Every structure is written in structure tokens, then in C-alpha cells.
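**Q** for reference, the sequence and a predicted model appear below.
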Amino acid sequence: MKRLAVLVAIFAGLGLLPLLVGSDFWLNAIMLALFSALIGQAWNIAGGYAGQFSFGHALFFGIGAYAVAVLQVDLGINPWLGMLVGGALGAGAGAALGWLTFRYGLRGSYFALVTLAFAEVFRILANSTPFTGAGEGILIKLNPHPAMLQFKALSGYYWLLLALTFACFLSVWWLERSRLGAQMLAVRDNEDAAAAVGVDAFAVKLKAMALSGLFMGLAGVFYTQRYLYLDPGLAFGPTQSVEALLVAIVGGIGTLFGPLLGAFALHLLGEAAQTALGDVPGANMVIYGTVLVVMVLFLPRGLASLGKAGLGKAGGRRQGLRRRKRRAKDA
């Protein structure tokens, strides 16, 4: 419950920022970090807790994004309903992809490459399908009203994103204390051993992929409503997949607060790099790649492990002190 209290306090503090920050520049920068935290935690559910490393989470992102765009532009359906449909389709795509891959026993790098391939296939399909706008994309009509999931002020989008991100983090908090979460960790650590003690690894991995796809799809819905434009490269391109993966790895995979730490750390680094280097093409990707290599080599458990290491050392010192006191008392 202490971790829940910390989580609520963090998001309550973040919720007050639009009232305290007068600059849209800084509010937008914080919102971009929150968006990264959302997709990073969505990836973390499948990759960090269930051990299913995906390189193609843009598939679920793009399905959710195109769902809300097509429904409101072509069919005139309210985007609030489109958000529910986008999340549901993202979850369904996660379950469907899991069913197609896990039933044939694909694991590790094979699973990762298949997810990347599916995302690329959907990008090609969206690039040649009329109802997705093909290569021109879809432009959504500007109608800044909350009923249309659009807002005049940036704070409206900020609070919407904060609510989605909090729901994702709250789900992970629940997952860590649930039977399903324990089963996911068992599958991640040793799938064969988990199956030997009665865990249905196939079903557990499907649920992990569905939950991960749900929040990735909702992230796609938010992106569409925030920028009111979508094309196949934005929806199914590798950018969202790489960012989700990188945020979780830098912050700490399989941890509750890791994606939040990773998101803010990477965006602070990105702002510093842009200030130092200007608009050099590809500079961010070079920096992100360097950060990823450094993290894997020197801090493989991410930034979240720094706090755990400190707590572990402090706990070890306290235990040693208690042992010495007991020995002195016995003597």
C-alpha cells in the first residue's frame, strides 16, 4: 500500500502542474514525457513482467489510432466511443498476435522479429488502403470541444493523458499483487518450470499481450486526437516501438516506476541534446542508441535499480548491526 500511496502522490502532483506552470512549452514537454511513460509501461506489461520482448508494439498503437480516426471521419462516430473501440481493438490485436505466435512456440528473438514484421505488414497495408487515406493519411476536422475529445487549452489534453497513464500504472500495481502477475513472472523467469507446476503459460502470455495492447491502443487514440492527423508511417512505423522499448529498459523493465523514470530521463536528455546540437538530423536516434548500449552494459536493471541498491545496502547494514548487537548480548 505504500507503493500505491507513492503512485497516487506522484500523479496527484503531476495533475496540479497545469495550474502551476504558465508556459505551454514546459507543459507540452512534460506531456511528451508522460506519453512516453504510457507506451513504455504498456510495453513493460508484456516485455518486463511476462518476458515477451516485442519490437512491434507500434502495431497496437496504430490499430488504436486508425480506429478512432476512421470511425469519426468516415462513419461520424463520436471519438469517446472511438476511444473504447480503439482500446478494445488494441487488446484484440495483442491477443491475436499472441495466439498466432505462441501456439507455434515462438520465443525470444523469433517472437521479437515476428512482431516487427507484423507492424511492417500493417504499415504497408495502411499505405495502400483507401479507407485509411493511403499514403496521404487522415486529417481530422478541428472541433475543439470536450464532447469531441478535443480541447481548446493544452491542459485538457494533459489531464486526459494523465488519466490514461495513471490507469496504466494502476493496472501494473494491481498486477504485481495478483495471481496473474505472479504467473507472468513465473513464465518470464522459466516458462518450462512454470508449466511444470501447473501454470498455463499460453493463456498467461495471451492475457499479458492483450493488456499491453489495450494501453498501447489507447495511446494511439490519444495521439490521433492530440495532433488530428495520422499516416501509416506515424501509426505503424518503428518510432513508437523503439521509444516504448527504450523507456522501459532505461527506467527498469519489470518495475512499477521504471518507465516513468526512463521517460523523464530520456526527455531531459533529448532536450539537453537539442540545445547543444540544434536540429542535427538523426542526432536523437544516435544519442538514444548510445544510451541503450551504456544502460545494457553498466546498468542492465535500469535506473530503478539504483534506489533498490541503496535500500539493499542500507538494509544490509541494519541487519549486520542487529547481528553484532545480538552477539554482544549473548557474550
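**A** Everything's here; your move.

**Q** low-confidence ranges in the chain?
**A** 275-285, 307-331 (pLDDT under 70).

**Q** nearest spatial neighbour of Ser212, skipping sequence neighbours?
**A** Nearest residue to Ser212, sequence neighbours excluded (CB to CB, 6 or more residues apart in numbering): Ala46, at 3.8 Å. All C-beta spots, glycine's among them, are computed from the backbone N, C-alpha and C.

**Q** confirm for me that Glu120 is in contact with Phe236.
**A** Yes: counting by CB atoms under 8 Å, Glu120 touches Phe236, with 7.3 Å between them.

**Q** which residues does stretch 110-121 contact?
**A** Residues external to stretch 110-121 that are found in contact with it (CB atoms under 8 Å, 6 or more residues apart in numbering): 52-59, 62, 97, 101, 106, 236, 238, 241.

**Q** 10 Å instead?
**A** Under the criterion CB atoms under 10 Å, 6 or more residues apart in numbering, residues 46-47, 51-63, 93-94, 96-98, 100-102, 104-106, 205, 209, 235-238, 240-241, 245 lie in contact with stretch 110-121.

**Q** same deal with stretch 122-141?
**A** Residues from elsewhere that reach stretch 122-141, judged by CB under 10 Å, 6+ apart: 56, 58-60, 62-63, 65-66, 68-70, 72-75, 79, 93, 148-150, 224-225, 227-238.

**Q** what's the PyMOL line that selects buried ones from those residues?
**A** For selection in PyMOL, the members of the contacts of stretch 122-141 meeting the burial criterion (16 or more other CB atoms under 10 Å) are listed in this command:
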select buried, resi 56+58+59+60+62+63+65+66+68+69+70+72+73+79+93+148+149+150+224+225+230+231+232+234+235+236+237+238
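
**Q** all strands of the stretch 51-200 of the chain, in order?
**A** 138-139 (DSSP state E, counting those that start in this stretch).

**Q** ranges for the helices of it?
**A** For the stretch 51-200 of the chain, applying DSSP state H, counting those that start in this stretch gives helices covering 58-74, 79-102, 108-126, 154-176, 179-189, 191-196.

**Q** most tightly packed of the ones you listed?
**A** Relative to the other members of these, helix 58-74 carries the highest mean neighbour count by mean count of other CB atoms under 10 Å, namely a mean of 27.

**Q** having no further points to raise, I will conclude here.
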